[in-house]
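Undergrad: sequence and predicted structure are below.
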Amino acid sequence: MPVYVIKDSDGNEVNRINASESFVAQHYDHYELAVIPKNRGIKIAKEREWRDSELERTDVLATVGDYPHMTELTAYRAALRDWPASADFPDTRPESLEDRIANA
């Protein structure tokens, strides 16, 4: 699915989304198709794969009601889910669960 740059009325980028052009045209007044270099697409795919594996790795912990680091786990999983929509994606990974626990 293509990536579109969403802009404000002054032409400043405010977001990027993966969507069809018809969806973008229906919901946004100012947008353009993002140009993504081929190697960046590979990096995006690899980082999404890593993110998905981290969510899968922590699935079991999320079901343990008395897991002692549930706050950090919940925050980590939320950061993983939100990461692809952030400006840092795919260049900077969210802080690891282990680092979150160590810094708590």
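TA: Ah, there it is.
Undergrad: which parts of the biggest helix by length in the chain are buried?
TA: Looking across the chain with DSSP state H, the single longest helix is helix 38-62. By neighbour count on 16 or more other CB atoms under 10 Å, the buried set for helix 38-62 is 44, 47, 51, 54, 58. Yep, even glycine has a C-beta here, placed from its N, CA and C like the rest.
Undergrad: would you list the residues you listed in JSON lines and tack on pLDDT and distance to residue 6?
TA: Output for these, formatted as JSON lines (pLDDT from 0 to 100; distance: CB to CB, whole Å):
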{"residue": "44", "pLDDT": "89", "distance to residue 6": "18"}
{"residue": "47", "pLDDT": "95", "distance to residue 6": "21"}
{"residue": "51", "pLDDT": "97", "distance to residue 6": "22"}
{"residue": "54", "pLDDT": "97", "distance to residue 6": "27"}
{"residue": "58", "pLDDT": "97", "distance to residue 6": "31"}
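Undergrad: between these, which sits nearest residue 69?
TA: residue 58 (10.6 Å; CB to CB).
Undergrad: figure out how far the helix or strand where residue 22 lies is from the centre of its chain.
TA: In this assignment (DSSP states H and E), residue 22 forms part of helix 21-27. Between the centre of helix 21-27 and the centre of its chain there are 21 Å (CA atoms, centre = their mean, to the nearest Å).
Undergrad: now do that helix, average pLDDT.
TA: Across helix 21-27, the average pLDDT comes to 94.
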